[in-house]
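Engineer: return atomic coordinates for the entry below.
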Amino acid sequence: MKKLIYTLILFISSSVYSQTIDYNNFDERKASLALADAYLNFRDTITCHALGVPESNYSIMSPDLNKNKLLRKVVWNEWVYKNVTQKNCEYAMSLGDNLIHKDVEKWYKENQSLITKEVLKGRKYSNPIHKVAYNEVMFQHKSTKYKTYEELASAIIRCLDKSDIHSGIIRGRKYSVTEYRNGVVLTAAFASNVKYDKNINYIKAVINIIDIE
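Structural biologist: Below you'll find the model as predicted:
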């Protein structure tokens with residue numbers, strides 16, 4: 001029964017994201033969730049870290065990624081989506097044909113407690129004290145060539161993976177080693193946002209990943 005429900009969910013997701021994009025009525029939420037789905041699928045199927053280092057040889061940072069695939073599954077966070085990723089993507093879109101990361105250093109330093117609280121909300125953990133680390137990858141493309149949200153999302157992930165820096169971020173270890181030693185799987189929180197501006201014909205996307213140490 002569980003397998004049937006899971007298969008049904010996958011079918012519904014695939015059907016939704018494979019819908020043809022209407023660039024005059026671009027569905028930002030649908031595009032954002034399609035990218036999240038593509039990223040989760042990417043992490044579930046990768047066999048090596050950035051620069052082609054096999055996971056089996058990457059014993060210092062992530063000795064258990066092959067043994068326990070739950071460690072690969074980063075967790076969507078709606079608070080990060082609304083308070084970080086959407087705003088960062090909106091800033092990127094305001095720059096026209098430029099693609100520059102929003103300066104969040106001051107905000108990040110001043111809001112460590114709030115960020116930690118929000119990414120841990122509803123999660124199981126054993127250690128009362130955690131630190132979080134902020135990561136961001138970005139994409140832009142001037143085109144309407146992508147026919148479906150699924151196609152667009154897959155293209156964004158492929159493009160990010162071609163960059164050594166971005167590849168290292170999206171492929172890297174995303175779980176708390178301390179928690180795992182205590183028998184708890186606590187993986188990073190993330191959110192993605194995709195926007196399209198028909199006035200400048202640009203698609204821009206942001207993925208934020210909040211690592212939990």
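Engineer: please make it C-alpha for all contacts and neighbour counts, starting now.
Structural biologist: Noted.
Engineer: what's next to the helix ranked longest in the chain, contact-wise?
Structural biologist: If you go by DSSP state H, the chain has its longest helix at helix 28-45. By CA atoms under 8 Å, 6 or more residues apart in numbering, the residues outside helix 28-45 that reach it are 17, 69, 72-74, 76, 149-150, 152-154, 156-157, 170-171, 191-196.
Engineer: and the residues you listed, which are buried?
Structural biologist: When these are checked for burial by 16 or more other CA atoms under 10 Å, the buried set is 17, 72-74, 76, 149-150, 152-154, 156-157, 170-171, 191-196.
Engineer: which of the residues you listed fall in helices?
Structural biologist: Applying DSSP H to the buried ones among the contacts of helix 28-45, the entries found in helices are Tyr17, Tyr149, Glu150, Leu152, Ala153, Ser154, Ile156, Ile157, Ile170, Arg171.
Engineer: how about the fourth one: what's its closest non-neighbour residue?
Structural biologist: It stands for Leu152. In space, Leu152 comes closest to Tyr146 once its chain neighbours are excluded; the distance is 5.5 Å by CA to CA, 6 or more residues apart in numbering.
Engineer: ok so, going back, can I get the ones in helices among the buried ones among the contacts of helix 28-45 in CSV with distance to His130?
Structural biologist: As requested, those are exported to CSV (distance: CA to CA, whole Å):
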residue, distance to His130
Tyr17, 35
Tyr149, 36
Glu150, 35
Leu152, 35
Ala153, 32
Ser154, 33
Ile156, 31
Ile157, 29
Ile170, 21
Arg171, 22
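Engineer: out of those, who's nearest Val119?
Structural biologist: Set against Val119, the nearest of those by CA to CA is Ile170 (17.9 Å).
Engineer: who touches that closest one in this structure?
Structural biologist: Residues in contact with Ile170, defined by CA under 8 Å, 6+ apart, are Arg43, Asp161.
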